[in-house]
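>>> sharing a model that was predicted from the sequence below.
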Amino acid sequence: MPNHEPILRGDIMAKAEIPRDVMTFWVRGGVLRPIAAPTGTGFKLRFPWYEANIAAIMNQLRILGVNIEGMLSIGRVYREAIAYFDGFGLNRDQVYGLWSLFIIEGNFVASELKRAELRDLVNSPGFDRDQHPRIVEASVALSEAEQREELKTAMLAAAGEIHGERRLTREIIEIREKMEREDFYRHLDAYLTVTEQPDADDPAGYSADLEEMTYFWRTGEGEEYRFAWGAEASDEATGDGAKSMIAVDVTAVLYEVWNRSKDGTSA
C-alpha cells in the first residue's frame, strides 16, 4: 500500500542516501521543501512524502554534476505537476483513469481523421464506388449528435472494462470537461514519476532498458532543464536542439527509496 504520510528529514537522508551536508544545503536552497510549521527547540522538519522521490532523483543528478540551479528548475516542474492535479482533487489512480479517457478521445479523433481521408479517396477522380462499397460506407461523415453518441459509447465500454481505483467515474468525466488536453499531457509524465512508489514485488522496479529511462536535457547554458520518459524521450530532446542529455533509471531509483530497510539496505 502506498504511504503518503509526511516524512522526516533523517528518513529522506536514509532512503535517498543523501549526505547530511547536502541535505542541509538543499533545504536552505529550496531544492527540498519541508511542510511549513513553527520552529523551536526539538522540532523536527517534516516533508511531504513525495519529497523523498524528488530528493532521490536530485541525488542522481548531483552525482552526474547538475548544479543547484538545474535541480531547482527540474524540481519546479515536478511540483507544478503535483499542484496541477491536486487542484482538480485527483490522486494518482484517478489520473490514470483520466488518462484512459484522453486515450479514448484520441482514438476517436484518429478515427474521424481516417474517415475524412476515406472521404477524400471516395471523392477523388476515378474512384469506383461500386467496386468498394465498404470504403464508401466507412467514409460517411457523422453528424455532431452521432459523434457525441459514438464517443459516449466508447467511454461506457471503457468504464465497464476498467475496474478498481482507476475506473472511469462520472466525477472523472466531469473533470475532463474542465481540463485542457495540452495541460494534461504537459504535466502527466512529471506527476506519474514524482508520485511513484514501486512495491517490493514489482518486477518493473528493478531496472529499465534505455527506452524506459528518463532523459534530462537543456539547450544551452542557463536554460531551464527539460525531461521526458520513454521510448521517444531521446528523440524529443534531439528535436528540442539538445546535443547531450542525462539518462536516469528513475523507477529503479524510486524502487530503492521505498524498499530500503531502516538500516539502509534494500528489501
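Structure received.

>>> residue 228: which element?
strand 226-229 (DSSP states H and E).

>>> likewise for residue 120?
helix 92-122.

>>> show me where the stretch 101-250 of the chain has strands.
Applying DSSP state E, counting those that start in this stretch to the stretch 101-250 of the chain gives strands spanning 214-217, 226-229, 246-248.

>>> how far does the last one sit from the chain's center?
The one in question is strand 246-248. 16 Å (Cα atoms, centre = their mean, to the nearest Å).

>>> downstream of that strand, the next helix or strand is which one?
Next along from strand 246-248, by DSSP H and E: helix 250-258.

>>> check contacts around the residue sitting nearest the centre point of the chain.
The residue lying closest to the centre of the chain (Cα atoms, centre = their mean) is residue 189, at 2.0 Å. Neighbour list for residue 189: 227-230 [criterion: Cβ atoms under 8 Å, 6 or more residues apart in numbering]. Backbone N, C-alpha and C define where each C-beta goes, glycine included.

>>> apply 6 Å and report the result again.
Listed by Cβ atoms under 6 Å, 6 or more residues apart in numbering, the contact partners of residue 189 are residue 229.

>>> which residues of this structure fall in helices?
Assigned by DSSP state H, the chain shows helices spanning 9-16, 20-29, 51-63, 68-87, 92-122, 133-138, 144-161, 170-176, 181-194, 233-239, 250-258.

>>> so which of those helices is nearest residue 44?
Nearest of these to residue 44, taken as Cβ to Cβ: helix 9-16 at 6.7 Å.

>>> what is that closest one packed up against?
helix 51-63 (3 or more Cβ pairs under 6 Å, 6 or more residues apart in numbering; DSSP states H and E).

>>> low-confidence stretches in this structure?
Along the chain, segments meeting pLDDT under 70 span 1-2, 37-43, 108-113, 115, 141-142, 144, 146-168, 201-210, 261-267.

>>> domain-wise, how is it divided?
7-88+187-258, 92-178 (automatic domain parsing).

>>> which of those sits most buried?
A comparison of these by mean neighbour count, using mean count of other Cβ atoms under 10 Å, puts domain 7-88+187-258 on top with a mean of 16.

>>> what is the end-to-end distance of that domain?
Counting by Cα to Cα, to the nearest Å, you get 12 Å between the two ends of domain 7-88+187-258.

>>> other SSEs contacting the helix holding residue 120?
helix 133-138, helix 144-161, helix 170-176.

>>> my read is that residue 139 contacts residue 121, right?
No - between residue 139 and residue 121 there is no contact under Cβ atoms under 6 Å: 7.2 Å.

>>> mind listing the shared neighbours of the two?
Joint contacts of residue 139 and residue 121 (Cβ under 6 Å, 6+ apart) do not exist.

>>> for residue 51, give its distance to residue 31.
For residue 51, the distance to residue 31 equals 10 Å [Cβ to Cβ, to the nearest Å].

>>> meant to ask about residue 253
Distance from residue 253 to residue 31, by Cβ to Cβ: 16 Å.

>>> that older thread, the strand holding residue 228 pairs with which strands, and in what direction?
strand 214-217 (antiparallel) (DSSP bridges).

>>> contacts made by the partner strand with the rest, please.
Here strand 214-217 has contacts from 225-229, 233-234, 237, 242, 245-248, 250, using Cβ under 6 Å, 6+ apart.

>>> which two among those residues are spaced furthest apart?
242 and 250 (18.2 Å).

>>> please name the bridge partners of residue 8.
When bridges are called by DSSP bridges, residue 8 pairs up with residue 46.
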